[in-house]
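Visitor: what's the 3D shape of this:
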Amino acid sequence: MSHGRRVSARVLGPARVLVDDRDAPAELLWRKHLALLVYLARSPRRGRTRDHLVGLLWSDRDDKQARHSLSEALRVFRRVLGDAGVEADVDQVRLAPDAVTLDCDQFALWCEQREWSKAAALVDGEFLEGLAIPEANEFESWLTAERERWRVQGVEALVQCVAADLARGRPDAAAQAGLRAVALDGASEPAARAAMRALALGGDRGAALRVAEQLTRTLHDGLGTSPSLETTRLVDRIRDARQGRRVVAAPAAARPRPPLVGRGADLAALGAAWDRARHGRGQVVILEGEPGEGKSRLFDEFVARARLDEATVAITRSVPADRQGAWSAVAGLISGGLGDAPGLAGAAPGVLAGLASLDPELQGKYGAAAAPLPLPDAVTAAVRAAAAERPVILGIDDAQWLDDATHGVLAGLARDTTTSSVLLLLAVERGGPEAERLDGLRAGLGRDLEGAVIRLRRLATELRELAQWALPGYAPDDLDRVVRRLERDTAGIPLLAVAMLEAIAAGFPLGADAPTWPSPARTLVDSLPGDLPPAAVGVVCQRFRNLPPAAQQVLAAAAALDDRVVADRLARATELPGGDVEQALDVLEWTRWLVSDARGYVFTAPIERRILLQEMNSPGQARRHRERLKDS
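Guide: Alright, predicted model coming up:
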């Protein structure tokens, strides 16, 4: 007889039993033998009476045959588990405490410790999926109850795993976990909502809406019910996911975006501030980062999540030219979502008239209703009215370029909304003199204002995670070589690291090592294309060449024109049909060459614009783009 064998059983999905890490003998996997093994392992103190077990699995036979079948099963157990693994006497049958390990026990431990990703990894389907013993009614009743129990816990673990993956900036992994939850329980609305959120945040709104349609059919056909109001509202927000007044959708056949590595803590800090704001504690968050460190990416990732909440989201982006236009950022916020806030209709007529002076679309609604309030008062009153209906996010990217009028009203707005459900999010470029204009707001944090300053950093150990994502087929030694080159040529700046990895994945050959960059006291904030390592310039050019032809034309025109460009000007400058320009803009926004708000498009990274103008766009081409605008 063998002793001390390690027997483990996978039961959260199709059953699999291993004995000393090898497949169990076939006779242990016979239906009733497997059922008995798992049932005993799940029983209190891992034991039951013989009478109970006979009635559980062999009630369709006479008593003598039933007891003989149980004895045969125990004989198999002793042969596989060893004499010490099975304790049996006249009345009782018991497994030794460590004779059999079940994955569901480890799953329950991971859930108790809130290790959701580890727990979710064990969920592979229904409890004992595929096993059925229809002649054993008592066992079938027990199996049904166990399946329901583990189905509920499995869905919960997968839903929590979705939240954890989204918090780490991994919507692709989150979507996989969400779809597994839906497969486990097609009638679970929490599972469907988790999958829909992850798919939408990953850019696949079509797949998110298909999950919603399948949920509706399942609830109607199986239960005669309809999705809850919470689910219906989420579907509406996904269907109408907008930036300003433009519906956002991923382009056809889009590549997945790079994971948001190294930003989990920053995303969590933003989420915590948002939770406080939603509960009536107004927040000011200043997001600081050097050019290329990913502040705009983090800004957009957070805003995308907030758009799926029951919230009013108003977003704008500043450019250097905005410094010359009074109230330009406020006008951007109005057209970027504040003007559509449901609670705005409850504001006083003078407030609405004040806002209408900055937005042509509001003038028809409110312009002549009353004498306008002064804009500082109108803005604060409008935000408070909107927040009385539902929480509000006011987001300004590249806030170092705020116009003086908007900058002057921000401190008062922040103070006047400390007890309102408002989050004021300002992303600012660290390292330039313009960033100092927000020092007054920074100083107020922790005193009369609640919120945080989030300072991004360059990537270090996370470069390897990025490299593994971009180059999954690379051997460890080759990956180490690429990571060392990334550290040298990109200085850990995410913008350049991602561009280099995508270029390498597309076949760009790395040349000889260049001197370490940047030189002392130099960063991307004051770099010119000639300051960058040749490989960094080369991969930006390669990334441009990999774009579809129409997208190349549109991007070249955007580089040659203003700091902010709009679709109709790009259509005139390129002489492309409007539909082609819109499709090209979707590609450029998805691949993060450009970012948008309701007022137009700006380059995500000015250094890439300068590289294109120097390396890929001749002076003659740039001049022709500008001349076409004059002639049209």
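Visitor: quick check: longest helix of the protein.
Guide: helix 137-167 (DSSP state H).
Visitor: residue 106 - nearest residue in space that isn't next to it in sequence?
Guide: residue 122 (6.6 Å; C-beta to C-beta, 6 or more residues apart in numbering). For the C-beta atoms, the positions are set from N, CA and C on the backbone; glycine is no exception.
Visitor: who's in contact with residue 219?
Guide: 187, 225, 226, 227 (C-beta atoms under 8 Å, 6 or more residues apart in numbering).
Visitor: buried among those? Make that a ChimeraX selection.
Guide: In ChimeraX, a selection of the buried entries from the contacts of residue 219 looks like this (16 or more other C-beta atoms under 10 Å):
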select :227
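Visitor: for the stretch 401-550 of the chain, which segments are assigned as helices?
Guide: 404-416, 439-444, 462-470, 476-490, 494-505, 534-545, 549-560 (DSSP state H, counting those that start in this stretch).
Visitor: also the stretch 151-300 of the chain?
Guide: Going by DSSP H, counting those that start in this stretch, the stretch 151-300 of the chain shows helices at 171-184, 189-201, 205-218, 229-239, 264-278, 295-307.
Visitor: quick one: closest of those helices to residue 397.
Guide: For residue 397, the closest of the helices of the stretch 151-300 of the chain is helix 295-307, at 5.3 Å, according to C-beta to C-beta.
Visitor: beyond that closest one, next helix or strand please.
Guide: Sequence order places strand 312-317 as the next helix or strand after helix 295-307, per DSSP states H and E.
Visitor: got the angle for that next one vs helix 404-416?
Guide: 150 degrees (axes from the mean of the first three to the mean of the last three C-alpha atoms, to 10 degrees).
Visitor: how far out from the middle of the chain is strand 312-317?
Guide: 19 Å (C-alpha atoms, centre = their mean, to the nearest Å).
Visitor: going forward, begin numbering at 457 instead of 1
Guide: All right, first residue 457 from here; so that's strand 768-773.
Visitor: packing partners of it?
Guide: helix 751-763, helix 784-791, helix 831-845, strand 848-853, strand 1050-1053 (3 or more C-beta pairs under 8 Å, 6 or more residues apart in numbering; DSSP states H and E).
Visitor: sorry, back to before: may I see the contacts of residue 675 arranged in CSV, with distance to residue 554 as well?
Guide: Listed next are these as CSV, based on distance: C-beta to C-beta, whole Å:
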residue, distance to residue 554
643, 38
681, 46
682, 49
683, 46
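Visitor: which of the contacts of residue 675 sit farthest apart?
Guide: So, those by C-beta to C-beta: farthest apart are 643 and 682, at 11.9 Å.
Visitor: ok, what's across the strand from the closest residue to residue 763 other than its chain neighbours?
Guide: The shortest distance from residue 763 to any non-neighbouring residue, by C-beta to C-beta, 6+ apart, is to residue 769 (5.3 Å). Residue 769 has these beta-bridge partners by DSSP bridges: residue 849.
Visitor: how near is residue 769 to residue 760?
Guide: From residue 769 across to residue 760, the span is 9 Å (C-beta to C-beta, to the nearest Å).
Visitor: now for residue 853, how many residues are close by?
Guide: Residues near residue 853, counting by other C-beta atoms under 10 Å, number 24.
Visitor: contacts only, for it.
Guide: Contacts for residue 853 (C-beta under 8 Å, 6+ apart) come out as 751, 752, 755, 771, 772, 773, 774, 883, 1051, 1053.
Visitor: if we use 6 Å, what do you get?
Guide: Residue 853 makes contacts with 752, 755, 773, 883, as judged by C-beta atoms under 6 Å, 6 or more residues apart in numbering.
Visitor: which among the residues you listed gets closest to residue 847?
Guide: So of the contacts of residue 853, ranked by how close each gets to residue 847 (C-beta to C-beta), first place is residue 755, at 17.6 Å.
Visitor: now that closest one. Nearest residue, chain neighbours left out?
Guide: Counting by C-beta to C-beta, 6+ apart, the residue nearest residue 755 is residue 883, at 4.6 Å.
Visitor: for that neighbour, name its beta-bridge partners.
Guide: For residue 883, the beta-bridge partners under DSSP bridges are residue 743.
Visitor: isn't it up against residue 750?
Guide: No: at 10.3 Å, residue 883 and residue 750 do not qualify as touching, with contact defined as C-beta atoms under 6 Å.
Visitor: more neighbours: which of those two?
Guide: residue 750 (29 against 25).
Visitor: show me the contacts for the more buried one.
Guide: residue 950.
Visitor: let me know the pLDDT of it.
Guide: With respect to pLDDT, residue 750 has a value of 89.
Visitor: how about residue 576?
Guide: On the pLDDT scale, residue 576 gets 97.
Visitor: pull the number of nearby residues for it.
Guide: There are 26 residues near residue 576, going by other C-beta under 10 Å.
Visitor: residue 1037 belongs to a strand?
Guide: No: counting by DSSP: H, G, I helix; E, B strand; the rest coil, residue 1037 falls outside a strand, being helix.
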